[in-house]
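Trainee: Fold the following for me, if possible:
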Amino acid sequence: MKVRFFTEEHKGAQNPSYFSDPDINVFHEWQKASGNNIKKIALAPERNGVESFVKQVRKEDVVVSLGHSSATLQQATAAVEAGADVFVHAYNGMSGLNHREPGMVGALLTLPNVYAELICDGYHVHPKAAELVVQSLGYDRVALITDCMMAGGMPEGDYILGEFPVVVKDGTARMQEGNLAGSILQLKEGVKNVVDWNIATPQQAITMGSLLPAISSNIDDVCGKIKKDRAADFIVLNPDMTLAATYLDGQERYRA
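Mentor: Below you'll find the predicted structure:
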């Protein structure tokens, strides 16, 4: 769940007028309204009250991820020590690596036992930057994601993301001022890209795009792999990592 506990400098395609410090009472209201279905929440480590908030929601078995943040290495480390262990879409929406202040990127590259999410569409992250994350953390600590907005799979044109108009063109979704606004990436393409970029083997890439997102969200007890008594929803890829077939509820719904 990406909510309002972020900071303005790295706001992304979100309205900063809604931003605030973490509030456990507000979170409990959201959790109640959701029917206790919030499993993961993101915040910026430099907001006031982060450490106590993280400790409390972790007691409630909610994963805490870090993103949309200008945090220093020290601030990010404090949040991780409190219980946060996922970095939202690495490199994007966070303080970058600097030799004098390693920032959020420095934290995700060096802290132990954390997961990093990667948007591997070739626009959000350069292939070599993606390779650095995988080399630093290991493929078993990197979750491929899309951050895909409503225009995924749709024609180029004008769309809305939240309150903001977005233009989809040339493989990206952008705000009117040119900033990226989520993506239009299909996850299978991100999986294919990390193989084509020689970052991972097909088996590693598929794991990064299926099991690792489930593990990092603490829902791998119900999804993330093909297993007896789990939802029979999966895709079949050709040797070149293109889509061969799609299955839902154990039934073939698409064949290339």
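
Trainee: Strands along this structure, start to end?
Mentor: Taking DSSP state E, the strands of the chain run over residues 40-43, 63-66, 86-87, 115-119, 142-145, 157-161, 164-169, 172-175, 234-237, 243-248, 251-255.

Trainee: Switch those strands over to a markdown table; also include mean neighbour count.
Mentor: To be clear about C-beta, it is placed using only N, CA and C from the backbone, and glycine gets the same treatment. Listed next are the strands of the chain as a markdown table, based on neighbours: other Cβ atoms under 10 Å:
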| stretch | mean neighbour count |
| --- | --- |
| strand 40-43 | 22 |
| strand 63-66 | 24 |
| strand 86-87 | 26 |
| strand 115-119 | 24 |
| strand 142-145 | 26 |
| strand 157-161 | 14 |
| strand 164-169 | 16 |
| strand 172-175 | 20 |
| strand 234-237 | 15 |
| strand 243-248 | 15 |
| strand 251-255 | 10 |
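
Trainee: Any idea which of those strands gets closest to residue 186?
Mentor: Closest approach to residue 186 among the strands of the chain (Cβ to Cβ): strand 243-248, 8.9 Å.

Trainee: Pairing partners for the closest one, with directions?
Mentor: Applying DSSP bridges, strand 243-248 is found paired with strand 234-237 (antiparallel), strand 251-255 (antiparallel).

Trainee: What average pLDDT does that strand get?
Mentor: What strand 243-248 shows for mean pLDDT is 97.

Trainee: can you check stretch 224-240 too?
Mentor: 94.

Trainee: Could you list the buried residues of that stretch?
Mentor: With burial defined by 16 or more other Cβ atoms under 10 Å, the residues of stretch 224-240 counted as buried are 224, 235, 237.

Trainee: Can you get me the start-to-end distance on that stretch?
Mentor: Terminal residues of stretch 224-240 are spaced 22 Å apart (Cα to Cα, to the nearest Å).

Trainee: returning to that earlier point: would you list the buried residues of stretch 224-240 in a markdown table and tack on distance to residue 6?
Mentor: A markdown table is the format used below for the buried residues of stretch 224-240 (distance: Cβ to Cβ, whole Å):
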| residue | distance to residue 6 |
| --- | --- |
| 224 | 27 |
| 235 | 33 |
| 237 | 35 |
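
Trainee: Can you show me the helices along the stretch 101-250 of the chain?
Mentor: Assigned by DSSP state H, counting those that start in this stretch, the helices in the stretch 101-250 of the chain fall at 103-110, 127-137, 187-196, 202-209, 211-216.

Trainee: just checking, what packs against the last one?
Mentor: It refers to helix 211-216. On a contact count with 3 or more Cβ pairs under 8 Å, 6 or more residues apart in numbering; DSSP states H and E, helix 211-216 meets strand 115-119, strand 142-145.

Trainee: for the fourth one, same thing?
Mentor: Applying 3+ Cβ pairs under 8 Å, 6+ apart, one finds that helix 202-209 makes contact with strand 142-145, helix 187-196.

Trainee: Which strands or helices does the first one pack on?
Mentor: In terms of contacts (3+ Cβ pairs under 8 Å, 6+ apart), strand 142-145 is packed against strand 115-119, helix 187-196, helix 202-209, helix 211-216.

Trainee: To residue 95, which of those lies closest?
Mentor: Across the helices and strands packed on strand 142-145, closest to residue 95 is strand 115-119 (Cβ to Cβ), at 14.5 Å.

Trainee: Export the strands of the chain as JSON lines, with columns for distance to residue 76.
Mentor: JSON lines is the format used below for the strands of the chain (distance: least, Cβ to Cβ, whole Å):
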{"stretch": "strand 40-43", "distance to residue 76": "11"}
{"stretch": "strand 63-66", "distance to residue 76": "6"}
{"stretch": "strand 86-87", "distance to residue 76": "8"}
{"stretch": "strand 115-119", "distance to residue 76": "12"}
{"stretch": "strand 142-145", "distance to residue 76": "17"}
{"stretch": "strand 157-161", "distance to residue 76": "27"}
{"stretch": "strand 164-169", "distance to residue 76": "27"}
{"stretch": "strand 172-175", "distance to residue 76": "26"}
{"stretch": "strand 234-237", "distance to residue 76": "35"}
{"stretch": "strand 243-248", "distance to residue 76": "37"}
{"stretch": "strand 251-255", "distance to residue 76": "41"}
